[in-house]
Each structure stands twice: as structure tokens, then as C-alpha cells.
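Novice: sequence-free structure coming up:
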């Protein structure tokens, strides 16, 4: 793992995307949002995804310079068809529209179909929270989650992000897949030669599976997959994670007339055309924002101040870990895995923008 | 278990509440919403709660005939102080206001503080779904859930309800506690002499506990408690259930200036003054409701039509089981446990309304 200065890493990613014909603003949005994931300690959604993005652009599945079509609009809501545009830029602009709308009317909401990977959902919910609003961001993703009592996938990792501000410039920021883990965790099991822990995945028969290689092979053919939050069956609440995943499909895809369930799939000829949902609620609909943030601060202090369980060092609240990771990244550089960095450098060279590759200090 | 005709059971409960001085409409709302829980197969939130309700009314902690104070109002939002009124009636009226508001403006939202137990959250979200809206209902509850890595409770079972309509008069209706299970499940373990399964609860040291009697004793003194959805630690996503529970506290209590976290507690002198949050979004903000419901129907059919896992009989979607239970209850009567029924009869007798007690056929 190496650390790279945040502005330099953003600049490098942006130059690579521009070299592929992506307009400057869209390239910068994408670079900023990918790098934010690495900065916050979520490398699964960071620059490691750049090569998929490059492949999608080169195959013509992810398109730069596309203006989303407005399918329906009211004073407080918008439905967009992203037409395969750059997911992160489409989403950043949509959330800005939602925030402006909430500023005027108290609430703003936008659902989007035919988009592409939008990075970390929390990026968008936090945009609203920094404007004294409650922010919500959801997306569906390629189907690899298995409904409770079933054996084949019917929804994605379908994350839910919710953010609210607190005094002292803090945020409560929840950003969670509605499956127990994402596919990356299974890949880590395989690499480390370990077994899949119970509650993470179901095999082709719909029952718990321990062998990561077999599962990853089966998943290619839509046999078995990831279990919803709560695990297998309903005894530990797996039906709840399943319900949340479907709720995300409803809010993102059913509201926008997009693709849902097993229809959301990457293949050689199609990108998983995912759907998003964004919402902001102005806090002063409810209370004076200063009072709200004061109480939020009391709550976050109370949570982080709890005595840890035996053998645990510290109690967190949602967003605290990634905030601390981000502060360190801003000081010391953004952590990037060595192999990921080699891939990025190679991409920059082959696209003729190697002058944009930062020199690494460490 | 006996089955009692739904209108007769509602009438009986309503008469008991009226005999305690609760005005007719509030008594009827409460009876209807309590009985709806039993009818749908959720007895933990049904007429078994009537005796707690009676105790609260007799102690002056739950009040009939109280008009909630409007703390803040905009064209699309309202914040209420329920002032200890009847939670179910306050909530039914609030959700009606939310629906009327969404009918006019596309969206309606209401948060409420100082309320009491409101029954099943899904009752309110479904009210909106039946009006071609997306419905959301949340409540915080007495603190008995332990944050990830902690050892003492800081949030309730804090349920999330979300409902959306489908063609053929169907609903997707999610209504889930954000803890793995509720306290009732621990009590069942104790009664049956079993051990608490992993992922359900943490003991006084914050680590998994198997002994239900010891846990229930500890919980009286706020030592240990229920684990969030996802279980102990963060390996299986317990931090996600924890995050969802806090999100519910924020939307219900922080928006209304009410009680949150460990402050929500029943005691001899106070009722747990809980907070609620209701929201409705008109579907035609997004799409023609008929198209939306058509796609919803396709999705629900696809889910319920999946091949079950090895050893499982059937795949459900959220709301299907309770819908089937309710249809049976409407035909054959609402199931009530014998001891619960004896308690209700005794209450009716002692309050002088035994003529309202239905004669049981079975």
C-alpha cells in the first residue's frame, strides 16, 4: 500500500478519463468521487474501479458528454434517464438539483434510470447534510443477492446512505450495502484460503456455503450468491435485509422505470444500467438547525463515549471511522494498493498522459 | 389459541378503552390498530399489549382526549407534540394529514414527540400505499438495543416500515425492527428452556450471551441487551443494523426535539414517550401509477415465483405472509392466545363492560 497526495491522485484519474474523451467536468467529478472512497477507507469503491470504468468507456457502454433526459418533473421532483452517462457526474449534478430544490421547497427528490456505477452512496447524502439537510442516496446494482429462502440472485448489494449533520462540523453518515458483505469480501476469503463465514453467502442449493472458489464460480452462472443483511433464513433477520434490498430496487428502479432485480447485470455487451434515488429534506422543516445539530452532537458523543464491550477498544457511530480515515488521507496521502497503482500508471502511459502520473514519495 | 371475529374483538377492545374514559374515536383507532397486528400474525404488537395500555391510562401516563400541539408547520410538513396522547390515534390522524398533504403537494412528512406505543408501523405505511403513494413509518422505542462494540443499550428496536402498491390490490410492505429480534423472542427462549441463538443478544460484558434468564435480569438494569440486525461485532454487518437504528432515532426524535437513545425508558412514573416519523410520496411524482404498479406486480411475481432453497417450501416478499394471515383472520376470526383472552375478559368485567365480550365459537 502506498499513499498518494489527494489532489495529485484526483488529477491523474481525471487526465486518464479525459484522454478517453470524457469532458473535463465529468472526468473531474468521477476522479473526485472515486478518490473520496479511497480517502475514506473504502478501496472497493475507489480508484480500483477505474479499469472497469475505462473498459466501459472504450466499449461504448459508459458515455461521456451525455445530457440526461428529463422524463418527468414537478416543483419538488425529477425523473431522469441518464442514457448510459457517467454515473458519478450524473449523480453529483442530480444531488445538487435535489439540494437546490429542497432549499426552495423544503424537499427535493430525484430518481434516475440507465445510469452507471456512482461510487460511494455516502458522497451524495453527505452533500445534503453539509447544507443543513437530511440526505438520502440509494442505488441498485448488478444482481448477486439471494432472497430469503431462495437459491438464485434477485437484487444487488443495493446500498442505503443516510446522512445528518451535527455540531462541530460532524456528520452521522450511514452508507451500507443491504447484503451482509459485498462480493469483494468473498474474493478476500478466496485469496486468503479461508472459509466463508456463516451468514455471508448461499450456494447453488440456497444453503450456506463455505468454499469461496466454488461460490465465485457458481455466481457467474447466477447460482447462489450473497445473503441479505441478517444472513440465511429468517431466524436472524435475513428477511429484513432482503426487504431493505427490494425497497432500494423500488425507490430507484420502479420509480424511474428502470431495470430491477435479475435484469441488472453486467455482460460483454451491456453495462449494468443501474438506477439511483436521491432525496434531501431541509432540517428547518422540523426544527431550528442549530438545535437539531446540538442534539445530534449530544447523541454522537453519547454513542462514541460508551464503555466498549469486553475485548473491544472503542465504540463508533456511522461515519466516524471514514471521517478519521479521510483526515489522515488529507494529511498523509490517499492509500492505494500497489497493484491498483501499477494498473493506473499503465493506463496513463498507454493513453499518453503519463506526465499526469504523480511521483510517489513513499 | 382461539379465533375471535374481527369486528367483535375490535368492539370489545374499544369498549374497554372507552370505559377507561378514552373518547370513542381514539378508542376505536386503538382497537382497530391493535387487532390488525393480531390479524396479520404479529401478536407481539396486538391485543396482548392492551393491559400495558390500560395500566398506562390508569396511571395517567397515557391520556385520552389530548389534542397534539403543532410545534412547526410548513405546506408539506408538520411537527407535533403528542403530549402523552393515545399513540395509535395520534398516528392514524398524523398519517392522514401526511397523505392529504402529499395529495396536494406530492409529499407530506410529519414527526411527533411525546407519543405512546403506536402498534405496528406497517399499518401507517400501508395507509399511504393504498392511495398510490410510497409510505414510510418509523418510531423509536424504549432503549434495549446495544450499539456495535458496546455493552449497554442506546436505542430501541426502532422499526422501519415502507410500503408500495402493486397491481392486483397487492402491497410490498416491509415492517422490521432494526434489532435482530425483539425482547419477546428472548422471553420465548426462556419459556422454552432454550439458549439464545448467536447474533440476537449481548450480555453485560457486551459479548454474546446464551442464557435468556440471565439476560432478561441484566436488561432490567440496562446491562447488555438486544443486538442490532447483523448481530455481534461488524463481521456480519451488526454495525449496519446499529446505523439503521440510530437513523430511526434521528428521523423520529431528533427532528421532533423528543427523547432519544437511552432516554427512552419505561419506568414506574413515566411512560416511554416515544417519537414517530411519517412520510408519503405520491407515485405520480415519478411515473404513471398504473405503470408503476404493473412493474411492481412483475417484481413481486418474480420474487414469489423463485425456486426455493433446498429444504425450504416457498419464497416470500415483505408483506405476503401477513397478507395471507389477515385474509384467514377475516374469514375465520383473529387468533388470540388463551391467556391473553382471559386477561381481556377480566379487564372487561372489572370495568363493567362484560356485555361487550364476544361469545367464542371455538
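Specialist: On my side now, so go ahead. On a predicted model such as this, the values are computed, not experimentally measured, just so you know.
Novice: wait, residue A:291 sits on residue B:256?
Specialist: No. Residue A:291 is beyond contact range of residue B:256, at 11.2 Å (criterion: Cβ atoms under 8 Å). Any C-beta I mention is one placed from the backbone N, CA and C, and that applies to glycine too.
Novice: for the closest residue to residue A:311 other than its chain neighbours, what are its contacts?
Specialist: With Cβ to Cβ, 6 or more residues apart in numbering or on different chains as the measure, residue B:207 is the residue that lies nearest to residue A:311, at 7.1 Å, once sequence neighbours are left out. The contact partners of residue B:207, by Cβ atoms under 8 Å, 6 or more residues apart in numbering or on different chains, come to A:309-311, B:232.
Novice: quick one, phi psi at residue B:207?
Specialist: Note on residue B:207: its backbone torsions stand at phi -100, psi 160 [degrees, to the nearest 10].
Novice: over to residue A:189?
Specialist: Dihedral pair for residue A:189: phi -50, psi -50, per degrees, to the nearest 10.
Novice: coming back round to it: of residue A:291 and residue B:256, who's got more company?
Specialist: For the pair residue A:291 and residue B:256, the greater number of neighbours falls to residue B:256 (27 against 15), based on other Cβ atoms under 10 Å in any protein chain shown.
Novice: how far away is that one from chain A?
Specialist: Residue B:256 sits 7 Å away from chain A, taking Cβ to the nearest Cβ, to the nearest Å as the criterion.
Novice: my guess is that residue contacts residue A:286. True?
Specialist: Yes. With contacts counted by Cβ under 8 Å, residue B:256 reaches residue A:286, the gap being 6.7 Å.
Novice: which residues do these two both contact?
Specialist: In contact with both residue B:256 and residue A:286: B:79, B:111, using Cβ under 8 Å, 6+ apart.
Novice: tell me the pLDDT at the nearest residue to residue A:92 once chain neighbours are set aside?
Specialist: Nearest in space to residue A:92, with sequence neighbours left out and distances taken as Cβ to Cβ, 6+ apart, is residue A:29 at 4.9 Å. Here, the pLDDT recorded for residue A:29 equals 98.
Novice: which helix or strand contains residue A:29?
Specialist: helix A:24-39 (DSSP states H and E).
Novice: and that helix, what's buried?
Specialist: Under the neighbour-count criterion of 16 or more other Cβ atoms under 10 Å in any protein chain shown, helix A:24-39 has A:26-39 buried.
Novice: could you list the residues in contact with stretch A:283-301?
Specialist: With Cβ under 8 Å, 6+ apart as the contact definition, stretch A:283-301 has outside contacts at A:106-107, A:132-134, A:164-168, A:170, A:172, A:317, A:320, B:72, B:74, B:76-77, B:79, B:109, B:111, B:246, B:249-250, B:254-257, B:260-261.
Novice: please pick the buried ones from those.
Specialist: Neighbour counting by 16+ other Cβ under 10 Å classes A:106-107, A:132-134, A:164-167, A:170, A:172, A:317, A:320, B:72, B:74, B:76-77, B:79, B:109, B:111, B:246, B:249-250, B:254-257, B:260-261 among the contacts of stretch A:283-301 as buried.
Novice: avg pLDDT for stretch A:155-162?
Specialist: Mean pLDDT, stretch A:155-162: 97.
Novice: and it, how far out from the chain middle?
Specialist: Distance of stretch A:155-162 from the chain centroid (Cα atoms, centre = their mean, to the nearest Å) equals 8 Å.
Novice: quick one: residues contacting the spatially most central residue of chain A.
Specialist: Geometric centre of chain A, nearest residue: residue A:120, 2.8 Å, by Cα atoms, centre = their mean. Applying Cβ under 8 Å, 6+ apart, we find residue A:120 in contact with A:33, A:36-37, A:40, A:42, A:45, A:161, A:175.
Novice: make a PyMOL selection of the buried ones in the contacts of residue B:207.
Specialist: The buried subset of the contacts of residue B:207, as determined by 16+ other Cβ under 10 Å, is captured in PyMOL by this line:
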select buried, (chain A and resi 309) or (chain B and resi 232)
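Novice: want to throw the contacts of residue B:207 into JSON lines with pLDDT and distance to residue A:358?
Specialist: Output for these, formatted as JSON lines (pLDDT from 0 to 100; distance: Cβ to Cβ, whole Å):
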{"residue": "A:309", "pLDDT": "98", "distance to residue A:358": "42"}
{"residue": "A:310", "pLDDT": "97", "distance to residue A:358": "44"}
{"residue": "A:311", "pLDDT": "97", "distance to residue A:358": "41"}
{"residue": "B:232", "pLDDT": "96", "distance to residue A:358": "42"}
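Novice: ok, back up a step: among the contacts of stretch A:283-301, name the ones in strands.
Specialist: Under the assignment DSSP state E, the contacts of stretch A:283-301 contribute A:107, A:133-134, A:164-166, A:170, A:172, B:72, B:74, B:77, B:79, B:109, B:111 to strands.
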